[in-house]
Structures are given as C-alpha cells and as structure tokens.
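Participant: the following block contains a protein sequence and its predicted model.
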Amino acid sequence: MATTLSIAPEANHKALLAALLCAAVAASFLPGSSAAAAPSSQLVSQTCRRTSNHRLCADLLRSSNRSSAATSVRELAVVAVTAARRSALRARMRALDLAHEGGGTVSCRLAARCAALYAVCLRAGAQAVGRVSTMPAYEHDGRAADAVSALRRFPEKCVGLFRERGIASPLERVSREVEEKLGVASEIVRLSR
C-alpha cells in the first residue's frame, strides 16, 4: 500500500506537468502571445527596412493593434494608410482650433483654409484606404500607391499658404509629420504589390 501511495503522487505530478506543457503550447498560438506576434513583428520589421524611414514606418504600423494580426504587406499597407489618415485628422482638428482662436487674423484665415484642405485630404484618404484594401493582388501599375502619394499635396499646400504670405506657419510641424507619414504609407503600398 505504501508503494501505491508513493506512485500515485508521482503520476499526478507527471499528469500536471503534461497538462501545463499542453496549456503553454496552446497558449503560444493565441493572438497577442509572443509566439503568435513574432511573425507579425518580423513582417513589420522586414517591411520597414525596405522604406526610406524605418523608424517612422515602425511607429506608424505599431500605432494600430491591427499590425500585430497582419499576415501580409498588403494588410500592413491598409494599416499604414489608415494611420496616416488619422494623422491628417489630427492636423485638421489643430487647424480648426487655430482658425477659431484669433478672430479673423490672417493666420486664422489661413488656418481655416488648411482645415478645408485637410477635409478634402480626409475624403481622398478614405478613398485611398478603400482602394488599397480592395487592390487586386496582381495590380502592377501602382494606382493605389499613387493615390496615397497624391495625398501629400494637401499638407504641402497648407504650409505653402503661410509661406506665400511670409508668415510662420503654426501648422508646419504637424503638416510635415502628415506628409512624411503619407510618404511612408505610399512606400508600403508599393511594397505590397
């Protein structure tokens, strides 16, 4: 009987260890676990190494949880364009704030024009996101990437409005940021072809 009691706890320990091992293996396949995130993280890193601004690319893609579930460069392209579009939305909100602050000064009127430019940019950006997300795998003419790249003209025009009048733009930094993010997003779209 003493032998049976000493074997039973050992068998229970082995069963417990086997169950823990199975649970650990199963957990490695769950979304958000380090084993499941590793291929996506590697995809982000590989993709960003092929862009002109690796750091900005990684920041742009990691700003969305959808990057961690991406399995292709095309999915990362959708994430990048969407994130760059969010940046344009923040720029528009900043321009609207500036337009309402100063009550009719030249700088406020220019900020209002920038807000209007960003509104058009956001509409065109929504179309670009749609174009990228429905882009056929065999598309080789770059229309989707060109559509994203064309969005860069809106922040450029905003900065130009102030420059033409010799006024320091309170939106220059945010506009440059939007322009850079849109540029990286268009590079990722080109890589997805």
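Facilitator: Sure thing, it's come through.
Participant: show me the helices in this protein, by range?
Facilitator: Assigned helices in the chain, in chain order: 2-27, 34-49, 54-62, 73-101, 106-133, 143-150, 153-164, 172-191 (criterion: DSSP state H).
Participant: pull the contacting residues for residue 144.
Facilitator: 77, 128, 131, 132, 135, 189 (CB atoms under 8 Å, 6 or more residues apart in numbering). C-beta: built from backbone N, CA, C; applies to glycine.
Participant: next one: residue 142
Facilitator: Residues in contact with residue 142 (CB under 8 Å, 6+ apart) are 190, 193.
Participant: separation between it and residue 76?
Facilitator: With distances taken as CB to CB, to the nearest Å, residue 142 is found 17 Å from residue 76.
Participant: show residues contacting stretch 160-169.
Facilitator: 106, 107, 110, 113, 114, 158, 159, 171, 172, 175.
Participant: filter those residues down to the buried ones and hand me the ChimeraX line.
Facilitator: In ChimeraX, a selection of the buried entries from the contacts of stretch 160-169 looks like this (16 or more other CB atoms under 10 Å):
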select :107,110,113,114,158,159,171,175
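Participant: which among the contacts of stretch 160-169 gets closest to residue 92?
Facilitator: Taking CB to CB as the measure, residue 92 lies nearest residue 114 of the contacts of stretch 160-169, at 7.9 Å.
Participant: tell me the pLDDT of the closest one.
Facilitator: At residue 114 the predicted local distance difference test score is 97.
Participant: for the chain, name the helix or strand with the lowest mean pLDDT.
Facilitator: The helix or strand of the chain with the lowest confidence, counting by mean pLDDT, DSSP states H and E, is helix 2-27 at a mean of 48.
Participant: so what's residue 47 up against?
Facilitator: Neighbouring residues of residue 47 by CB under 8 Å, 6+ apart: 57, 61, 73, 76, 188, 191.
Participant: ok, of these, which come out buried?
Facilitator: Looks like the contacts of residue 47 have 57, 61, 73, 76, 188, 191 buried, using 16+ other CB under 10 Å.
Participant: tabulate those (JSON lines), appending pLDDT and distance to residue 50.
Facilitator: Formatted as JSON lines, the buried ones among the contacts of residue 47 follow (pLDDT from 0 to 100; distance: CB to CB, whole Å):
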{"residue": "57", "pLDDT": "96", "distance to residue 50": "9"}
{"residue": "61", "pLDDT": "95", "distance to residue 50": "13"}
{"residue": "73", "pLDDT": "92", "distance to residue 50": "9"}
{"residue": "76", "pLDDT": "95", "distance to residue 50": "11"}
{"residue": "188", "pLDDT": "95", "distance to residue 50": "9"}
{"residue": "191", "pLDDT": "92", "distance to residue 50": "6"}
